[in-house]
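Trainee: Please find the sequence and the predicted model below.
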Amino acid sequence: MSTNRRRFLGSLAGVAGSWASSGRAAAMSQAVWAASSNEPPQVVYDSGCTEPCRFAAAELQHYLERILGVSVSRVKGRGPRIVLRELDDKELGDEGFEISCDSRTLTISGEASGIVYGAFEFLRRYAGCQFSGLGPDCEFVPRRERIEIDACQLRMKPQLWYRGYQFSFAESLELVIQRLDWMVKNGLNYVMFKPCRDDLVGAQASVDPSTGHPAGAPHFTFTEGWWKSNVESEVLKRGLKLDFNHHNLFYWLPPNQYFQEHPEWYPLIDGQRTAQPKQLAMCTSNEEAVHTLVENVKRYLRDNPRVKIVGVIVEDGVGMCQCQNCVRGDVDPTDAFRSGAVNFKSPDAENRSKGLRYARLANRVAREIRDEFPGVLVGHAAYIDIQWPPRGMQLEPNMVTWVAMYWRDGAHPLSADSPSPLNRFYVDILKQWKATQPGRLIVYEYYIGMDAQKSLPYPMSEVICRDWPNLKKLGIEGATIQSWSSNHNSYALNNLAFARNGWEDRVDHQALLEEYLSGMFGSVAGEIKPVFERMNAALKRVEKEGPGISPWLAGYDASRTTGGSFLPDGYTIGYLLDQVGPDFLESALRRARDKACDEREHRQLAHFTSVVAYWRMGADALWLDLKAKRAEKEGQRAIAASLLIEAADKCEGAVKYLKTLPQTGWISITTPGKWVGLATTYRQRARELGQA
């Protein structure tokens with residue numbers, strides 16, 4: 001065993017105290033529980049146990065067989081046992097667990113979800129597994145002759161109530177299920193999903209069975225029937241929780257069902273009723289429309305009794321009804337007529353009237369479902385011009401609000417004393433929520449750097465580890481992470497940082513990095529580690545010196561860096577590659593390929609190498625754009641146009657290259673479209689400069 005690996009396992013074993021968050025000290029015993037290849041354990045559970053408990057047992061058997069190299073599932077006799085025991089422990093709640101042992105029996109106990117989390121904590125803490133990314137290739141499972149434990153009791157429960165990832169796009173079913181596995185292996189709990197209704201897709205529309213995407217449906221959307229048939233049971237058997245959330249106002253009041261007969265249910269904009277999905281896209285003063293929406297929510301909950309949170313979430317963009325009845329109730333009669341882009345970084349962006357209209361609608365739903373569905377929460381969103389709490393109104397207690405950290409600065413933590421004005425701005429908003437609203441509050445985070453980052457790296461894992469002690473002190477109860485399965489591995493370290501902060505007081509980032517690299521790259525983790533260390537150091541340099549340290553960060557569009565140092569847009573890839581060093585990066589990959597000792601490591605390095613090639617393509621295209629802007633600023637229009645045409649060619653080349661890569665969780669299905677859009681923009685700018 002290498003020195004680094006020994007040090008990592010030692011640090012992992014040493015965090016037991018910080019993870020026992022129930023407050024009960026872990027008692028130590030002289031008894032030693034051990035299992036070995038010669039004496040493998042038997043996994044035991046009650047015949048009447050729940051499906052998540054049986055899932056945990058099957059996973060334990062699977063991994064123990066890989067670790068010990070012998071069959072576990074059919075073991076009988078008086079050898080060592082692992083007992084899964086379902087019980088109601090109010091101190092642990094529904095997700096906490098206890099691991100205890102004597103010389104013969106190791107017991108994992110708790111409610112169903114807690115047993116699942118406890119099983120994977122046993123595998124990680126005591127058996128040395130690391131679950132870094134999606135699928136078997138992105139996790140490390142050691143081969144051992146013996147597993148030995150002398151700690152009698154470990155009690156853990158999560159520190160964050162909501163630890164959720166989003167499933168919004170029609171992606172490979174294999175990747176979707178792999179990400180559900182990743183969630184339970186790393187202690188996540190809520191699955192936020194948003195399907196399209198089958199009855200509104202059209203009876204003749206064909207549906208891709210591998211992704212659920214219907215022909216002619218909204219961009220990258222999956223059908224509800226596909227989700228229920230293929231995914232929902234996988235969610236529930238793992239003990240995960242369902243949150244039907246995100247921009248879904250038109251799910252409850254679909255225009256293609258109601259608009260023709262009831263245009264008055266939809267917003268009046270510039271004198272016309274419209275079904276455009278622009279934020280608060282209904283006439284909230286129309287009682288018949290509101291009643292229909294409420295009844296549709298109730299009907300959904302009756303048909304889907306396992307859903308824990310049901311969002312009533314405005315559509316994306318900005319806008320609201322301008323009819324006389326709606327405006328009559330506004331605090332400012334001009335609020336409905338605001339138009340154009342919203343400067344969401346400024347307190348002046350707040351639209352108090354819209355915030356109150358939306359709060360009244362969400363409160364109405366929360367009140368009307370409370371008696372029939374006492375265990376269900378109503379989801380509510382705060383972002384852009386409605387990111388502030390509703391003034392003079394309290395939300396109902398059976399609601400949960402997510403506040404979007406929209407375009408947050410990724411180089412600085414969220415704290416009241418952050419050097420980033422933008423991050424201080426968001427912290428102030430969160431404080432306003434906690435001071436005026438007693439309900440549950442979570443944040444909506446962008447650890448992928450938003451989709452604008454184009455699946456290019458956004459190395460903020462160390463910042464995430466610094467965020468959460470501050471956010472916990474503010475009373476923030478968790479986060480939903482903008483995310484999808486198709487590029488999960490590109491942001492796996494960020495995702496892992498959030499997962500650990502869901503259970504630990506403070507996370508040792510260095511230990512986390514070593515765990516992640518070991519899981520992703522096995523014995524060649526040491527060769528890849530300096531690449532990640534240099535990217536982390538690059539972000540540290542931004543934090544200390546600001547965006548002016550590189551033309552990649554300061555030269556392309558000053559308005560995008562106002563109040564922030566490292567904002568998501570993809571241009572950051574050039575800075576990161578400069579800081580890593582192209583020769584150093586290639587040398588690290590070459591050393592890793594030379595040292596790789598098994599097929600898994602070779603596959604992982606092949607995937608990573610192909611992704612790095614994409615990074616370079618992206619940087620090349622975006623650098624040409626920066627040069628074109630500089631040339632245009634200097635009055636060299638013809639040169640600028642030529643550079644833009646070359647940049648468009650590079651973008652289209654990147655699209656062709658991405659189409660050759662298999663779907664392995666590194667590149668989002670939305671990424672090619674981002675480059676197509678950029679190429680179109682570049683060619684349009686070139687034409688405007690006089691070069692067709």
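Mentor: Now that the structure is in, tell me what you want to look at.

Trainee: confidence score at the closest residue to Cys129 other than its chain neighbours?
Mentor: Counting by C-beta to C-beta, 6 or more residues apart in numbering, Cys129 lies nearest to Leu123, which is 4.4 Å off, once chain neighbours are set aside. Placement of C-beta: from N, CA and C, glycine included. Leu123 is assigned a pLDDT of 98 by the prediction.

Trainee: Can I take it that Leu123 is in a helix?
Mentor: Yes. With DSSP: H, G, I helix; E, B strand; the rest coil as the criterion, Leu123 is part of a helix.

Trainee: contacting residues around it?
Mentor: 59-60, 63, 129 (C-beta atoms under 8 Å, 6 or more residues apart in numbering).

Trainee: would you list every one of the strands in the stretch 101-250 of the chain?
Mentor: Using DSSP state E, counting those that start in this stretch, the strands of the stretch 101-250 of the chain run over 105-110, 130-131, 139-140, 146-151, 153-156, 162-167, 190-193, 241-244.

Trainee: outside of stretch 326-340, which residues touch it?
Mentor: The contact list for stretch 326-340, computed with C-beta under 8 Å, 6+ apart, reads 268, 283-285, 318, 320-322, 351-354, 356-357, 385, 391.

Trainee: Just the CA trace of it, in CSV.
Mentor: Taking Å, rounded to 0.1, in the frame of the first residue of the first chain, the C-alpha atoms of stretch 326-340 are listed here in CSV:
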residue,chain,number,x,y,z
CYS,A,326,-54.1,41.7,-11.1
VAL,A,327,-52.6,45.2,-11.1
ARG,A,328,-55.2,46.5,-8.6
GLY,A,329,-53.7,44.4,-5.9
ASP,A,330,-50.1,45.4,-6.5
VAL,A,331,-48.0,47.5,-4.2
ASP,A,332,-46.8,49.4,-7.2
PRO,A,333,-49.0,49.6,-10.3
THR,A,334,-46.0,49.9,-12.6
ASP,A,335,-44.4,46.6,-11.4
ALA,A,336,-46.3,44.5,-14.0
PHE,A,337,-45.0,46.7,-16.8
ARG,A,338,-41.3,46.3,-16.2
SER,A,339,-39.6,44.9,-19.3
GLY,A,340,-36.2,44.0,-20.5
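
Trainee: ok, and for that stretch, which residues are buried?
Mentor: Neighbour counts over stretch 326-340 (16 or more other C-beta atoms under 10 Å) mark 326-327, 330, 335-336, 338 as buried.

Trainee: Where does the prediction get shaky in the stretch 101-250 of the chain?
Mentor: Along the stretch 101-250 of the chain, the parts satisfying pLDDT under 70 run over 151, 203-204.

Trainee: Find the helix or strand that Arg683 is a member of.
Mentor: Assigned by DSSP states H and E, Arg683 falls within helix 671-688.

Trainee: tell me what that helix is packed against?
Mentor: Judged by 3 or more C-beta pairs under 8 Å, 6 or more residues apart in numbering; DSSP states H and E, the packing partners of helix 671-688 are helix 599-633, helix 637-658.

Trainee: would you list those helices in TSV and tack on distance to Ile549 and mean pLDDT?
Mentor: Shown next, in TSV, are the helices and strands packed on helix 671-688 (distance: least, C-beta to C-beta, whole Å; pLDDT from 0 to 100):
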stretch	distance to Ile549	mean pLDDT
helix 599-633	15	96
helix 637-658	24	97
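
Trainee: How much space separates Val297 from Val376?
Mentor: Counting by C-beta to C-beta, to the nearest Å, the separation of Val297 from Val376 is 10 Å.

Trainee: any shared contact partners between the two?
Mentor: 310, 369.

Trainee: Assign Phe521 to helix, strand or coil.
Mentor: Three-state assignment for Phe521 (three-state DSSP): helix.

Trainee: contacting residues for it?
Mentor: Listed by C-beta under 8 Å, 6+ apart, the contact set of Phe521 reads 527-528, 592, 601, 604-605, 608.

Trainee: got the contact list for Val403?
Mentor: Val403 neighbours (C-beta under 8 Å, 6+ apart): 382-383, 387, 426, 429-430, 433, 441-444.

Trainee: if we can go back for a sec, in TSV, list the strands of the stretch 101-250 of the chain along with distance to Ile549 and mean neighbour count.
Mentor: Putting the strands of the stretch 101-250 of the chain into TSV (distance: least, C-beta to C-beta, whole Å; neighbours: other C-beta atoms under 10 Å) gives the following:
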stretch	distance to Ile549	mean neighbour count
strand 105-110	49	22
strand 130-131	34	26
strand 139-140	36	21
strand 146-151	47	16
strand 153-156	42	23
strand 162-167	33	24
strand 190-193	37	24
strand 241-244	40	22
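
Trainee: For Leu643, find the nearest of those.
Mentor: strand 162-167 (37.0 Å; C-beta to C-beta).

Trainee: Reformat the contacts of Val403 as JSON lines; add distance to Gln482 and secondary structure.
Mentor: JSON lines is the format used below for the contacts of Val403 (distance: C-beta to C-beta, whole Å; DSSP: H, G, I helix; E, B strand; the rest coil):
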{"residue": "Ala382", "distance to Gln482": "15", "secondary structure": "strand"}
{"residue": "Tyr383", "distance to Gln482": "11", "secondary structure": "coil"}
{"residue": "Gln387", "distance to Gln482": "15", "secondary structure": "coil"}
{"residue": "Tyr426", "distance to Gln482": "15", "secondary structure": "helix"}
{"residue": "Ile429", "distance to Gln482": "18", "secondary structure": "helix"}
{"residue": "Leu430", "distance to Gln482": "18", "secondary structure": "helix"}
{"residue": "Trp433", "distance to Gln482": "19", "secondary structure": "helix"}
{"residue": "Leu441", "distance to Gln482": "18", "secondary structure": "strand"}
{"residue": "Ile442", "distance to Gln482": "13", "secondary structure": "strand"}
{"residue": "Val443", "distance to Gln482": "11", "secondary structure": "strand"}
{"residue": "Tyr444", "distance to Gln482": "7", "secondary structure": "strand"}
